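**Student:** Got a predicted model here, sequence first, then my questions.
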2 protein chains.
Amino acid sequence: MDCTILACAQQRAQKVGCQACGIRSVSICACLALEELALLDALAHPVSFGAKETIFVQGQPAEAVYNITAGTVRLYKLLPDGRRQIVGFALPGDFLGLAMRDAFGFSADAIDTVSACAFPRSAYSALVDAKPHLLRRLHDYATHELTLAQEQMLLLGRRNAEERLVCFLLTMRERWAKLGRASATIALPMSRQDIADFLGLTIETVSRTFSKLARNRKILIVPDGVRLLDIEGMANLAAA
Amino acid sequence: MDCTILACAQQRAQKVGCQACGIRSVSICACLALEELALLDALAHPVSFGAKETIFVQGQPAEAVYNITAGTVRLYKLLPDGRRQIVGFALPGDFLGLAMRDAFGFSADAIDTVSACAFPRSAYSALVDAKPHLLRRLHDYATHELTLAQEQMLLLGRRNAEERLVCFLLTMRERWAKLGRASATIALPMSRQDIADFLGLTIETVSRTFSKLARNRKILIVPDGVRLLDIEGMANLAAA
DNA sequence: CGTCCGCATTGATCAGGATCAATTACACAT
DNA sequence: ATGTGTAATTGATCCTGATCAATGCGGACG
């Protein structure tokens, strides 16, 4: 978890710092002026995590916040008996640690190889207090996340299995597009189990629903993703 | 919706303003100093809504934000075919309009008689920009809401009907307690249908589950609420 | 090259909650 | 008292998605 070798490599690779950061424009740092980026640079610790590695666990005091720069992260909550709900997938540009107040409200682990900027929470909190426009940006991000969470409540509470999967695929398409990777072929780095735990279904239902969509020529299943063949039809199905 | 008679009565009743506001200590205004409250007073429009009256609808541009001072509000999203998901119940002290950026992301209507402080969005936004500690407070509120939303995702995605209802009752108990109305008897101003649409169930399942809890001596169903008879057992069932 | 192992798919059956259908309870009006 | 309308409860049956079980597939490794 504490990223020794990879982190150092990463650090060397990134020693040019925030100014050269490839995902700055889509992350919360985008609101900072060049001279403020220097402040941020001073706080930033580049870190990396291998596939399946834990980033933090629910309940643990939040000592750092993270800005994802590469890879995919699953964020999830567990019940004592092992039932799992994934509350989100974090992609490059996403920020982890909004609920900075106390402990992490969910666990996070890397799905594939993940790079991130880690900031000590206290220093980050101080910077936020000193820079109201950074706070504003953070708040806008938080309200955006809240809106997505409410959309997910609608999905989990009222949509059927097929609608859930279609919504998920269209949402992933949107997210990749915002990262400049727009394509009819959607990368899905997460497992079927992850998708199931995100959509409130079982792995079997997810698999069957994928097959059904493929059979109906809505999608084509490819390695590590799907190609959307009938976006209109799917958007129609997702309605809203 | 535009609250003529009731609003005027309310306005007269409240002309003492924010300083005398009974729910200030639990609302986002609590962070303001006395002289800042005067600024807020200048913006505030006391409004009231009768039971079942619409406060705002999803997609409508958000011209105002609201601070609930009395009553209960349901916040919900609709699918084109009429399926409804209630994303939250707002109680006194709750703030509506976090996603101020554009249009409302959900609809809101009064369950019982509701009083609120309405603030024009533009003026409110300007005040927030001028008062970083108000923004900080708002941000803390937003992240708290986000945490609750993630908890609700876990409920909707992975809990069974009985767990859902028990969690709901215990959460309502907590919320009333924070408003100084702690009691083993929980007020439930919302209908069974509202509870069903919040928990991702049908009205029949909610009713049956209430009956089952009553049969097992966990609760006693009383008019407009329930009395919790076995809080320990219920907390155990809710686990987490 | 074959074995192993994790993941995904597919099939058969089951069950929790949805749906359909009465019935009851209660507030309110006449 | 009687009727009316809305909300809640209860019962019977159905169906979507869960569970149980088997098979398929592809990559890592001896």
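**Tutor:** Thanks, I have it.

**Student:** What distance do you get for the residue nearest the centre of chain A to DNA strand D?
**Tutor:** Of all residues in chain A, the one closest to the mean position by CA atoms, centre = their mean is A:Ala90, 0.7 Å from it. From A:Ala90 across to DNA strand D, the span is 24 Å (CB to the nearest atom of the strand, to the nearest Å). Every residue, glycine included, has its C-beta placed from N, CA and C.

**Student:** Name the helix or strand for A:Gln105, please.
**Tutor:** Not quite, residue A:105 is Gly, not Gln. Using DSSP states H and E, A:Gly105 sits in no helix or strand.

**Student:** coming back round to it: what's near enough to touch the residue nearest to the residue nearest to the centre of chain A when sequence neighbours are not counted?
**Tutor:** Once flanking residues are discounted, A:Ala90 sits nearest to A:Val73: 4.0 Å by CB to CB, 6 or more residues apart in numbering or on different chains. Neighbouring residues of A:Val73 by CB atoms under 8 Å, 6 or more residues apart in numbering or on different chains: A:55, A:89-91, A:94, A:96, A:108-111, A:114.

**Student:** swap in A:Asn236?
**Tutor:** A:Asn236 sits in contact with no residue, where contact means CB under 8 Å, 6+ apart.

**Student:** hmm, the helix or strand harbouring it touching DNA strand D?
**Tutor:** In this assignment (DSSP H and E), A:Asn236 forms part of helix A:231-238. No - against DNA strand D, helix A:231-238 shows no contacts by CB under 7 Å from any atom of the strand, the least distance being 12.6 Å.

**Student:** Could I get the buried residue list for that helix?
**Tutor:** By neighbour count on 16 or more other CB atoms under 10 Å in any protein chain shown, the buried set for helix A:231-238 is A:234, A:237-238.

**Student:** ditto for stretch A:195-205
**Tutor:** Under 16+ other CB under 10 Å, the buried positions of stretch A:195-205 are A:195-201, A:205.

**Student:** where do the helices sit along chain A?
**Tutor:** A:4-13, A:34-43, A:121-130, A:132-158, A:161-178, A:192-199, A:203-215, A:231-238 (DSSP state H).

**Student:** how about CSV for the ones you listed, with distance to A:Ile186 added?
**Tutor:** Formatted as CSV, the helices of chain A follow (distance: least, CB to CB, whole Å):
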stretch, distance to A:Ile186
helix A:4-13, 27
helix A:34-43, 32
helix A:121-130, 33
helix A:132-158, 17
helix A:161-178, 5
helix A:192-199, 12
helix A:203-215, 12
helix A:231-238, 11
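
**Student:** how about those helices, which one is nearest B:Cys29?
**Tutor:** helix A:132-158 (16.9 Å; CB to CB).

**Student:** From the contact counts, what lies against that closest one?
**Tutor:** strand A:84-90, helix A:121-130, helix A:161-178, strand B:73-78, strand B:84-90, helix B:132-158 (3 or more CB pairs under 8 Å, 6 or more residues apart in numbering or on different chains; DSSP states H and E).

**Student:** least reliable of these going by mean pLDDT?
**Tutor:** Of all the helices and strands packed on helix A:132-158, mean pLDDT reaches its minimum on helix A:121-130 (a mean of 92).

**Student:** Now it - C-alpha only, CSV.
**Tutor:** The C-alpha trace of helix A:121-130 is given here as CSV (Å, rounded to 0.1, in the frame of the first residue of the first chain):
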residue,chain,number,x,y,z
ARG,A,121,-5.1,15.9,4.7
SER,A,122,-4.1,18.6,7.1
ALA,A,123,-2.0,20.5,4.6
TYR,A,124,-4.6,20.1,2.0
SER,A,125,-7.3,21.4,4.3
ALA,A,126,-5.1,24.4,5.1
LEU,A,127,-4.7,25.2,1.4
VAL,A,128,-8.4,24.9,0.9
ASP,A,129,-9.0,27.3,3.7
ALA,A,130,-6.5,29.8,2.2
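
**Student:** What is that helix packed up against?
**Tutor:** helix A:34-43, strand A:64-70, helix A:132-158.

**Student:** Can you check what angle separates the first one from helix A:132-158?
**Tutor:** What that stands for is helix A:34-43. 70 degrees (axes from the mean of the first three to the mean of the last three CA atoms, to 10 degrees).

**Student:** quick revisit: now the helices and strands packed on helix A:121-130 as JSON lines including mean neighbour count and distance to DNA strand D?
**Tutor:** Below are these laid out as JSON lines (neighbours: other CB atoms under 10 Å in any protein chain shown; distance: least, CB to the nearest atom of the strand, whole Å):
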{"stretch": "helix A:34-43", "mean neighbour count": "14", "distance to DNA strand D": "36"}
{"stretch": "strand A:64-70", "mean neighbour count": "22", "distance to DNA strand D": "20"}
{"stretch": "helix A:132-158", "mean neighbour count": "21", "distance to DNA strand D": "10"}
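
**Student:** any chance of these in a markdown table, plus distance to B:Arg175?
**Tutor:** Listed next are the helices and strands packed on helix A:121-130 as a markdown table, based on distance: least, CB to CB, whole Å:
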| stretch | distance to B:Arg175 |
| --- | --- |
| helix A:34-43 | 37 |
| strand A:64-70 | 28 |
| helix A:132-158 | 18 |
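
**Student:** looking at the ones you listed, which is closest to A:Thr171?
**Tutor:** Of all the helices and strands packed on helix A:121-130, helix A:132-158 comes closest under CB to CB, at 8.4 Å.

**Student:** what's the angle between that closest one and strand B:73-78?
**Tutor:** Going by the same axes, to 10 degrees, helix A:132-158 makes 70 degrees with strand B:73-78.

**Student:** and helix A:132-158, anywhere near DNA strand C?
**Tutor:** No - on the criterion CB under 7 Å from any atom of the strand, helix A:132-158 is out of touch with DNA strand C, staying 8.7 Å away.

**Student:** Tell me what angle that helix forms with helix B:121-130.
**Tutor:** Using the same axes, to 10 degrees: helix A:132-158 against helix B:121-130 is 130 degrees.

**Student:** Helix A:132-158 vs strand A:64-70, what angle?
**Tutor:** 80 degrees.

**Student:** Distance from helix A:132-158 to the middle of the chain?
**Tutor:** 13 Å (CA atoms, centre = their mean, to the nearest Å).

**Student:** cool, stretch A:221-237 as well?
**Tutor:** That offset, for stretch A:221-237, works out to 21 Å (CA atoms, centre = their mean).

**Student:** Same check on stretch A:192-211?
**Tutor:** 18 Å.

**Student:** Quick check: end-to-end length of that stretch?
**Tutor:** 12 Å (CA to CA, to the nearest Å).

**Student:** How about stretch A:216-235 and DNA strand C, touching?
**Tutor:** Yes - applying CB under 7 Å from any atom of the strand, one finds stretch A:216-235 touching DNA strand C at A:Ile221.

**Student:** ok, and for that stretch, which residues are buried?
**Tutor:** Buried residues in stretch A:216-235 (16+ other CB under 10 Å): A:218-219, A:225-226, A:228, A:234.

**Student:** okay, how far is it across it, tip to tip?
**Tutor:** 15 Å.

**Student:** ditto for stretch A:51-60
**Tutor:** 21 Å.

**Student:** Counting neighbours, which bits of stretch A:17-28 end up buried?
**Tutor:** Across stretch A:17-28, burial judged by 16+ other CB under 10 Å covers A:18, A:21, A:23-24, A:27-28.

**Student:** oh, I was asking about stretch A:115-127
**Tutor:** A:115-119, A:123-124, A:127.

**Student:** coming back round to it: I'd like to know which of the buried residues of stretch A:195-205 is nearest to B:Phe49.
**Tutor:** A:Gly200 (33.5 Å).

**Student:** Alright, calling it a day.
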